[in-house]
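> with the input below, show me the fold.
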Amino acid sequence: MSFVRRTAATLWHLGTLVAWLGLGLWTALAVYFKVPLAPWLALAMAISILLLFVGACRERLHVWQLLRAPWAAKRRTLSALAVAGVVAIGYFRFVKPDANQVWSPEQARMPVVEIDGDRVTVTHVRNFAWRSETEFTEEFDERVYDVSKLDSMYYVVVPMPSFDGVAHVFVSFGFSDGQHVAVSVEGRRRLGQPYQMIPSLFRQYQLMYVVGDERDVVGLRGAIWKKPVYFYPARTTNERKRAIFLDMMRRAHDLEDHPEFYNLLTNNCMNNITSHLRRLGGRPLPHDLSLLLTGLSDRAAYNLGYIDTELSFAQARQAFRVDKWMQQTPLDADFSRRLREQIAKQVAEAKAAPAGK
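Okay, here's the model as predicted:
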């Protein structure tokens, strides 16, 4: 029993130490990213807070021992807790989204949505003509979508080149009248501000639904940024596709008046999409790592039967990858039609290929 008690005590103290240092790191980073001071001063404050938490590790962290110990034996611990409390109150109570910023051009305008039955009018549909990452022609349109004509939906996965486990995911819709629109949940960046994963955890970006033409939203990632792009057809009923589209438009409308912060873990592209699916009911989605690591979400969707294909997953990954094709074709008004023709061609080739190839 003594071995069990010693092991349990060791695990307890190790867990307490990790939690303590995690709290210190969060507090330091929250100060660094959100305190409105000169960068060097914010960095100095963050380092000081982290050193305070590290110094407190020397004190015994067991709560009952801390309660019985004199002030001199627990002053660093209590001081660190007080700092964390003040930072948390300021961070969660007073740091609010501010829509009055100078935004990156491609995210400068929030979509304005009006829903009247099956008629959805969207102002500020993005339709940029991209020539390079820095050369483009800005255009925002007003478009009207008849939801009764919505008959296709695609799940788009864009992995990060450095780590396939993380990806940007979004959806695209097709209508029988020839219209196509991509809806991408993104972290809205200020002008000149790059997207970075660690800052995205600390209220550096605001949430927005980009509603845009496929040649812009899809083409930008594959042809201009040259990232892998997988364009999977969704397997579901037309009624459900229409319900998902309407739910996304309502969410985009709500963000016009009630802005939110983007967060890489808690309010990102993936969990917004899954929240739309869960609100509609039907087959439940799992709560597991495959939906946290967005780069694995296409396999999860395939295993759940949400991807409309008879191919194996490995074949589907090849057949529905379109970035290499996009780099050899113009991003013009006929892009969406040719994209679907290319996918049909690649699927046919995959089916005709000998087994194991």
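> any low-confidence regions in the stretch 151-300 of the chain?
Along the stretch 151-300 of the chain, the model assigns pLDDT under 70 to residues 281-292.
> what are the ranges of the helices in it?
Remark: helices assigned in the stretch 151-300 of the chain by DSSP state H, counting those that start in this stretch are 214-219, 238-257, 269-279, 289-292, 297-303.
> my guess is G305 contacts R235, does it?
Yes: in this structure, G305 is within contact of R235 by Cβ atoms under 8 Å, at 6.2 Å. (Each C-beta comes from the backbone N, C-alpha and C, glycine too.)
> more neighbours, the two?
R235 (15 against 10; other Cβ atoms under 10 Å).
> my read: the more buried one touches E310, true?
No: using Cβ under 8 Å, R235 makes no contact with E310, being 10.6 Å away.
> any idea how far the residue nearest to R189 when sequence neighbours are not counted lies from N272?
Spatially, and ignoring its direct neighbours in sequence, R189 is nearest to S104 (4.7 Å; Cβ to Cβ, 6 or more residues apart in numbering). Distance of S104 to N272, computed by Cβ to Cβ, to the nearest Å: 20 Å.
> try T329
Distance of T329 to N272, computed by Cβ to Cβ: 30 Å.
> same question, Q342
On the measure of Cβ to Cβ, Q342 and N272 end up 28 Å apart.
> then K351?
K351 sits 34 Å away from N272, going by Cβ to Cβ.
> neighbour count: the two, which is higher?
Of the pair K351 and N272, N272 is the one with more neighbours under other Cβ under 10 Å, namely 19 against 12.
> next up, the contacts around the more buried one.
When contacts are counted by Cβ atoms under 8 Å, 6 or more residues apart in numbering, N272 touches 185, 207, 251.
> just the buried members of those residues?
For these, a burial check counting by 16 or more other Cβ atoms under 10 Å picks out 185, 207, 251.
> in TSV: those, plus distance to S336.
Formatted as TSV, those follow (distance: Cβ to Cβ, whole Å):
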residue	distance to S336
V185	20
L207	26
R251	23
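> what's the closest of the residues you listed to D177?
Proximity of the buried ones among the contacts of N272 to D177 (Cβ to Cβ) peaks at R251, which lies at 23.9 Å.
> tell me where this protein has strands.
112-116, 119-126, 129-130, 136-137, 140-146, 150-160, 163-175, 180-188, 206-212, 230-233 (DSSP state E).
> run through the neighbouring helices and strands of the fifth one.
When you say that, I think you mean strand 140-146. Packing contacts for strand 140-146, counted by 3 or more Cβ pairs under 8 Å, 6 or more residues apart in numbering; DSSP states H and E, involve strand 119-126.
> and the longest one, by the same measure?
Other elements packing on strand 163-175 under the criterion 3+ Cβ pairs under 8 Å, 6+ apart are strand 150-160, strand 180-188, helix 214-219, helix 238-257, helix 269-279.
> give the buried residues for it.
So for strand 163-175, counting by 16+ other Cβ under 10 Å, buried means 166-175.
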